[in-house]
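Novice: fold the following.
(2 chains)
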There are 2 protein chains.
Amino acid sequence: MHNFTFYNTTRIEFGKGKETNIGEYVKSFGVGNVLVLYGSERIKKDGLFGRVTASLEGKDISFKALGGVVSNPVISLVRDAVKVVKKHNLQGIVAVGGGSVADSAKAIAAGAKYDGDVWDFFIGKAIVKDAIPVFTIMTLAATGSEMNPYGVVTNEETQQKYNLGGPALYPKVSAINPELMATVTPDYLAYSAVDIFAHCLDLYFTAKVFPEFTAALIENILTTVMRTTDVLMMNPDDYNARGEFAWASTMALNGNTFVGVEGNSFDTHMIEHAMGGLYNVPHGAGLAVVLPAWMKSIKNQMPQRFERFAEKMFGESDAEAGIEKLTKWFSAIGAPVTFAQAGLSADAVDPIAENAFGIAKLWKMDQLYPQQRIAEILKLAVK
Amino acid sequence: MHNFTFYNTTRIEFGKGKETNIGEYVKSFGVGNVLVLYGSERIKKDGLFGRVTASLEGKDISFKALGGVVSNPVISLVRDAVKVVKKHNLQGIVAVGGGSVADSAKAIAAGAKYDGDVWDFFIGKAIVKDAIPVFTIMTLAATGSEMNPYGVVTNEETQQKYNLGGPALYPKVSAINPELMATVTPDYLAYSAVDIFAHCLDLYFTAKVFPEFTAALIENILTTVMRTTDVLMMNPDDYNARGEFAWASTMALNGNTFVGVEGNSFDTHMIEHAMGGLYNVPHGAGLAVVLPAWMKSIKNQMPQRFERFAEKMFGESDAEAGIEKLTKWFSAIGAPVTFAQAGLSADAVDPIAENAFGIAKLWKMDQLYPQQRIAEILKLAVK
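Specialist: Down below sits the predicted model:
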């Protein structure tokens, strides 16, 4: 069991109607005006935007609203938002949406306290030392961003999908109301399930030190995701399934899965970030393509770990069968598992490998992942 | 899935040597002088006290030391310590020990900010609104006190073993070094294992709303406790087993097991508190006597839950066999499972039932637990 620090400062408010208390949550941190950040204008039609702003107004919190955050969120919007925050001297951000909105909010929050270009945080040119408070109201469960200090944003000019992080970026309060997630489309539910799998399996198949308790926790998370996804594909309104799915996604990246672990890395995320940065493939869709290929490429390095996965998740006795069953399940829920299914041609292999190698260097993983190795993994997914 | 708030503000520093950073942890909260609270003088002989105070001095943090905290810690010591803290205007408390020391530290921390008698917090006469910061260095893993805002203390005069709590009582930083636990005696290891079981099973067998993910988390905690206890009884120096045992005990009462749960109560703790308050039975020993009896008394109310427990924990198909296997395991590790084994006579049933009924009233459980019912449960443990 490896030494670790566990310190997660986010307060989770989970359940029905919690978004209507957002004014109270914001006020409790002494924040008097905020940026309300969101994605599509749909939240204005369905009433969520109105409920959120009414709650803020009820506590005399003024706000500026900014929409338009997209899947694979972009740095240009973050830069624009930083200007708005600085111009109006806004003291906090309320992110209403999924991981893209929460991640953008973190970048904006860090940028608000920084004189240089916010992209500096992503390329290692600056470290996040301070940020204005972020609050989230989640409408999609996938990235775990509601209870962690990380964010991923794409620079459209340089086609780099990079990440930032720092303890100052833990959201202060995150409201998770599973009812708000009932309208998630089946494809995005599938991408979300795959994203949670990737958060867990990147660790599960790379950890050198891996306590049994932590391994079983991850298996519990993944079993929960499979069970509830299958329920939700049939019945999107199943509140309990929606709730357990949401909590599993939070638990997959809030520090619990790192307890006592050493030597893990985010291999499939590294490769997928390149795919998303270059071709704007939805994060979960890209991961569904990369994950089985990556698993095949490393299964002989950790045969017992793969056998355990096959047995615990699918009742199978050999490693290959575990990978096959997982791939089939990804297909069954509608996630792409080949380049073609993700709308990519074989010509994309080399550009993705080159871009991913840039991330590998930034993450100090380039010794382990020369560009050629990344290309070989990607080729396993070209069918 | 029931609405919930998850907000745990304790920072955990887990692993080898972490206690030697205590000066840094304390200083990071702007605290310049502390009470070092501990139990037996053994920590002076084995060097722990010296390492802790050297770390404090290294950061120019002055301290007063106070030892003598006992298992089933007493309010008289807490009152004395509050006087010391007030007299020297100490700004924080460093608790070095197990749950008794941590719990006493919390009571002292609340008392330091209160003009009345600190016992007021235990009998519902006052609410903990403020407290000086508590830091813990754990030498025994059982109560989970290192990462929760609760404490249990006994009033020797009134023979009441009662609890206090409040968000201000989360320890700021808790250092958990499994190496410091290698000298825990086999009987206290057994009592600790039982305590963790009781924290989990009180909830497991009373929850009306009980998400599958949370149930499986509890089963993971308990499986971990059984596995690691069996290892440690053979090899007390097994660091990984000691570490997983410690983390399981923390997870059993840090909020994670309450996620989405509704309708749970602390039934066996209520009864054991009476036993400990009257007869000074070690907490885990008393729980080992009460738990199987209580399980027998309620198993027909939740047959499926008991069948699940039997199956998941012991591979047994019926409820009765699950209870029997658990009882046998308690015996095998050296925990008493009858009044006689705990050194109690049958005459103790009525006084314990009467005392427990007092707690039932305080916890608003007296409708569910009339004194007669408590006595009937206790009689199941008289052999």
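Novice: following element in sequence after the one helix or strand residue A:163 maps to, please.
Specialist: Using DSSP states H and E, the element containing residue A:163 is strand A:160-165. Per DSSP H and E, the first helix or strand lying C-terminal to strand A:160-165 is strand A:173-176.
Novice: re earlier: quick one: contacts of the strand holding residue A:163?
Specialist: Residues from elsewhere that reach strand A:160-165 (Cβ atoms under 8 Å, 6 or more residues apart in numbering or on different chains): A:72, A:106-107, A:110, A:121-123, A:128, A:149-155, A:273-274, A:276-277, A:355, A:358-359, A:362. Where C-beta positions appear, they are placed from N, C-alpha and C, glycine not excepted.
Novice: so which of the residues you listed sit within strands?
Specialist: A:150-155 (DSSP state E).
Novice: looks like residue A:43 contacts residue A:139 (just checking).
Specialist: Yes: the pair residue A:43 / residue A:139 is scored as a contact, 7.3 Å apart, by Cβ atoms under 8 Å.
Novice: and for the two, which residues touch both?
Specialist: A:96-97.
Novice: which of those two has more neighbours?
Specialist: Neighbour totals were compared for residue A:43 and residue A:139, and residue A:139 leads with 26 against 21 (other Cβ atoms under 10 Å in any protein chain shown).
Novice: and the more buried one, how far from chain B?
Specialist: 17 Å (Cβ to the nearest Cβ, to the nearest Å).
Novice: now do residue A:314
Specialist: 17 Å.
Novice: again, but for residue A:265
Specialist: According to Cβ to the nearest Cβ, residue A:265 and chain B sit 21 Å apart.
Novice: before we move on, the earlier item: please spell out the ChimeraX selection for the buried subset of the contacts of strand A:160-165.
Specialist: Here is the ChimeraX command that selects only those of the contacts of strand A:160-165 that count as buried (16 or more other Cβ atoms under 10 Å in any protein chain shown):
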select /A:72,106,107,110,121,122,128,149,150,151,152,153,154,155,273,274,276,277,355,358,359,362
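Novice: quick check: pLDDT value at the residue in the stretch 151-300 of chain A that chain B sits nearest to.
Specialist: Closest residue of the stretch 151-300 of chain A to chain B, Cβ to the nearest Cβ: residue A:243 (3.7 Å). Per-residue confidence (pLDDT) for residue A:243: 98.
Novice: check which residues of the helix or strand hosting it are buried.
Specialist: Using DSSP H and E, residue A:243 sits within helix A:239-251. If you call a residue buried by 16+ other Cβ under 10 Å, then helix A:239-251 has these buried ones: A:240-251.
Novice: quick check: closest non-adjacent residue to the residue nearest in space to the middle of chain A.
Specialist: Nearest to the geometric centre of chain A sits residue A:143, at 2.3 Å (Cα atoms, centre = their mean). Among residues not flanking residue A:143 along the chain, residue A:99 sits closest, at 3.0 Å (Cβ to Cβ, 6 or more residues apart in numbering or on different chains).
Novice: burial count for that neighbour?
Specialist: Residue A:99: 28 neighbours (other Cβ under 10 Å).
Novice: wait, it sits on residue A:150?
Specialist: No: using Cβ under 8 Å, residue A:99 is not in contact with residue A:150, being 9.8 Å away.
Novice: how near is residue A:98 to chain B?
Specialist: Distance from residue A:98 to chain B, counting by Cβ to the nearest Cβ: 20 Å.
Novice: next, the residue nearest to that residue when sequence neighbours are not counted: secondary structure please.
Specialist: Distances taken as Cβ to Cβ, 6+ apart place residue A:140 nearest to residue A:98, at 3.1 Å, with adjacent residues excluded. Counting by DSSP: H, G, I helix; E, B strand; the rest coil, the backbone at residue A:140 sits in coil.
Novice: residue contacts, residue A:140?
Specialist: Counting by Cβ under 8 Å, 6+ apart, residue A:140 has contacts A:97-99, A:181, A:184, A:188, A:192.
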